[in-house]
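Asks: Okay, sequence plus prediction incoming.
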Amino acid sequence: MASIAYKGNRIDIEDNNNLDIKINGGSIPVEANDDATLFSSPLVFGDAASPPDLARAVIDAQSSIDAPAIVLRGTTDVDIEPTLNIRRNLAGLLDEDRNKFRDAVFLLKERGEYDKYIKFHGFTTNLGHSGPAFFAWHRVFLRNFELELQQSDPKYADVTLPYWDYTSANVDSLNNSRIWRDDFFGTNGVVNLKWTGEDGSEKKWVLPGYKAHGPTIIERDGIRRNTFPLTSRFVPPVRFNEALRNTDYRSFEPVFEGQPHGGAHVVLGVGSGNDQGPPGGFATAVNDPFFMLLHCNVDRMWAKWQQLMKERWLANNPGMEYPTTQPAKDYYWDKSDAAHTAPDNVDARRAMPNRHNLEDEMWPWDATQSHSGRPDSKLVADADKKIYTPLSVLDRRKFGYDYDNLDPAGFEV
Ligand SMILES: [Cu+2]
C-alpha cells in the first residue's frame with residue numbers, strides 16, 4: 001500500500017519501494033529522501049500543470065504498471081487541522097471520491113432539497129452579487145450545501161465540495177477530459193442526467209418551475225450547457241493573475257466577479273443567456289451542479305487573494321506579527337474604517353450597500369427577512385438557521401474547511 005500526497009508543486013510518495021513509473025515510455029526521475037520518495041517540479045505531463053493534475057497523472061501511470069493500490073490524500077503547505085473539511089481539485093479526485101460526491105448530489109436532488117439552492121440563488125440577485133459581499137454570500141451558500149450533503153446520509157459524512165480549476169484543461173494523458181464525463185455530471189450541450197433512486201426507480205434531473213425574483217421559470221428536463229470544447233480551458237490563467245494582482249478589495253472584487261468568474265459562467269452557458277436569459281441567469285444557474293464546482297474555485301481564489309494580502313502585509317511590516325483584524329480591514333466596505341469606506345454614489349456598484357457591508361446580516365440568513373419581492377428566508381434557506389455577516393466568514397478555517405492548494409493552474413503574480 002502506498003500513499004501519495006501532493007504538496008505545493010511536489011508529490012510525496014510514501015511506503016513505496018522499487019518505484020518505477022513510466023510516462024510515454026520514459027521513466028520519471030525519482031529522488032529518495034529519508035522517509036518518502038519525492039517527485040519534484042518540473043515534472044511536466046501533458047497539460048498537467050497543477051499539483052492535483054500531476055498527482056492524477058502519476059496515478060494514471062501507476063495503474064498501468066501493476067502497482068499496489070494508491071490512495072491520494074492531498075496535503076497543503078499550511079498545517080491542516082484534522083477537523084477541517086479539505087476541498088480538493090475535481091480533476092485529481094479518485095473515481096470513488098468523485099462518484100461519492102455525485103451520488104450525494106443526486107440524493108439531495110431526488111429528495112427535493114437541491115432545488116431550494118436553485119431558488120434561493122434565484123431570489124438573491126444584487127443581495128449577493130455586484131457588490132462586496134459577492135464572495136462571502138457564495139461562501140455561506142456553498143458551505144450550507146456542503147454540510148447538507150454530509151448530513152444527507154452517514155455514508156456521505158466525509159464528502160467535501162471539489163473545486164473546478166477552469167484555468168486548466170483538466171485532461172488526462174490521452175487528452176480525455178477528467179471532468180466532462182458521462183459518469184459524472186455529463187458533458188456539453190443539453191445534458192439529461194439519470195440515476196437510480198433510493199426506491200430503486202430511475203430518476204432524472206429536472207429544473208423546477210417557480211417564480212424567481214423577476215422571471216418565471218418553466219419546469220423542464222435536464223441541464224442546458226453551451227457546446228464548448230471538452231478539452232480546453234475556460235478562462236486563461238492571466239485573468240486570475242490580473243485579478244489577484246489588485247492590492248485593494250475595491251479593485252479585486254469587481255474585477256474578479258466580472259471576468260474570471262463571469263467569464264466561466266458565460267462559457268458554461270447555464271444562467272448566462274442561452275437559458276432563460278438575464279436576469280433569468282440567476283434563476284437557473286444553480287440548476288447545473290457545476291455551478292457549485294465553479295464557485296468552489298471562486299471561493300478558493302478569494303482565499304488565495306487573502307493569503308496574498310497577508311504576504312504583502314508581512315513584506316511591508318518586517319518583523320511584525322500579522323494582526324487578526326487585518327482581513328476585516330481589507331474588506332473595503334468596512335464602515336468603521338474611513339480609509340476603506342467608498343463614498344456612496346461614486347458609481348452604481350458603490351451605491352448598493354444593502355446587505356454588503358462588513359457587518360450586515362446577509363439575506364436569506366438574516367433575522368429581518370424583509371426584502372421586497374423576496375420570500376421570507378425560511379421558505380428558501382432552511383438548511384441553516386444561523387445568521388451570517390461577511391465578517392463572520394472571512395476566515396474559511398473558522399468556517400470549518402480549507403483547500404488542499406490555493407494556486408490556480410499557471411498562476412503567477
Ligand atoms: Cu451567484
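Replies: Looks like it came in fine.
Asks: Tell me how many other residues crowd Asp248.
Replies: 11 (other CB atoms under 10 Å). C-beta coordinates here come from the backbone N, C-alpha and C atoms, glycine included.
Asks: Verify the stated contact: it with Tyr331.
Replies: No - using CB atoms under 8 Å, Asp248 is not in contact with Tyr331; the gap is 10.8 Å.
Asks: so what's Pro260 up against?
Replies: Val235, Arg239, Phe240, Ala243, Val298, Met301 (CB atoms under 8 Å, 6 or more residues apart in numbering).
Asks: excluding its backbone neighbours, what's nearest the first one?
Replies: Right, Val235. What sits nearest to Val235 in space, not counting adjacent residues and going by CB to CB, 6 or more residues apart in numbering, is Gly263, at 5.0 Å.
Asks: What distance do you get for Ile217 to Pro132?
Replies: Here the criterion is CB to CB, to the nearest Å. By it, Ile217 lies 28 Å from Pro132.
Asks: Pick out whichever of those two has more residues nearby.
Replies: Counting neighbours by other CB under 10 Å for Ile217 and for Pro132 shows that Pro132 has the greater number, 28 against 21.
Asks: circling back to that earlier point, which of the contacts of Pro260 are buried? Put it as a PyMOL command.
Replies: Per 16 or more other CB atoms under 10 Å, the buried members of these correspond to this PyMOL selection:
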select buried, resi 235+239+240+243+298+301
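Asks: of all the contacts of Pro260, which two lie farthest apart?
Replies: Farthest apart among those by CB to CB are Arg239 and Val298. That separation is 12.1 Å.
Asks: quick one: the strands in the stretch 201-350 of the chain?
Replies: 202-204, 206-207, 210-211, 216-217, 220-221, 223-224 (DSSP state E, counting those that start in this stretch).
Asks: Which strands border the last one, and is each parallel or antiparallel?
Replies: Taking DSSP bridges as the criterion, strand 223-224 forms sheet pairs with strand 190-191 (antiparallel).
Asks: after the strand it pairs with comes which helix or strand?
Replies: strand 194-196 (DSSP states H and E).
Asks: who's in contact with that next one?
Replies: Residues contacting strand 194-196 (CB under 8 Å, 6+ apart): Asp103, Phe106, Glu110, Glu202, Lys203, Lys204, Trp205.
Asks: Closest to Trp180 out of those?
Replies: Trp205 (15.8 Å).
Asks: So for the closest one, what's the pLDDT?
Replies: Looking at Trp205, its pLDDT reads 96.
Asks: And for the one 5 residues further on?
Replies: Predicted confidence (pLDDT) at Tyr210: the value is 87.
Asks: next one: Val78
Replies: On the pLDDT scale, Val78 gets 32.
Asks: ditto for Gly263
Replies: Reported pLDDT for Gly263: 84.
Asks: Hmm, Arg233 and it touching each other?
Replies: No - counting by CB under 8 Å, Gly263 does not reach Arg233; the two are 10.9 Å apart.
Asks: Looking at the two, which is more packed in?
Replies: Arg233 (20 against 16).
Asks: Report how many residues lie close to the closest residue to that one other than its chain neighbours.
Replies: Once flanking residues are discounted, Arg233 sits nearest to Ala169: 4.9 Å by CB to CB, 6+ apart. The number of residues packed around Ala169, counting by other CB under 10 Å, is 23.
Asks: So Ala169 is in contact with Thr231, correct?
Replies: Yes - Ala169 is within contact range of Thr231, at 5.7 Å (criterion: CB under 8 Å).
Asks: any common contacting residues for the two?
Replies: Ser177.
Asks: Can I get stretch 308-317 in PDB? Just the C-alpha atoms.
Replies: Extracted in PDB, the C-alpha atoms of stretch 308-317 (Å, rounded to 0.1, in the frame of the first residue of the first chain):
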ATOM      1  CA  LEU A 308      -1.500  37.200  -0.900                       C
ATOM      2  CA  MET A 309      -2.700  40.200   1.100                       C
ATOM      3  CA  LYS A 310      -1.200  38.700   4.200                       C
ATOM      4  CA  GLU A 311       2.100  38.100   2.400                       C
ATOM      5  CA  ARG A 312       2.100  41.700   1.200                       C
ATOM      6  CA  TRP A 313       1.400  43.000   4.700                       C
ATOM      7  CA  LEU A 314       4.200  40.900   6.200                       C
ATOM      8  CA  ALA A 315       6.600  42.100   3.500                       C
ATOM      9  CA  ASN A 316       5.700  45.700   4.300                       C
ATOM     10  CA  ASN A 317       6.000  45.200   8.000                       C
END
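Asks: In that stretch, which residues are buried?
Replies: Leu308, Met309, Trp313.
Asks: so what's Ile242 up against?
Replies: Careful, residue 242 is Glu; it's not Ile. Applying CB under 8 Å, 6+ apart, the residues contacting Glu242 are Val255, Gln259.
Asks: switch the cut-off to 6 Å
Replies: With CB atoms under 6 Å, 6 or more residues apart in numbering as the criterion, no residue contacts Glu242.
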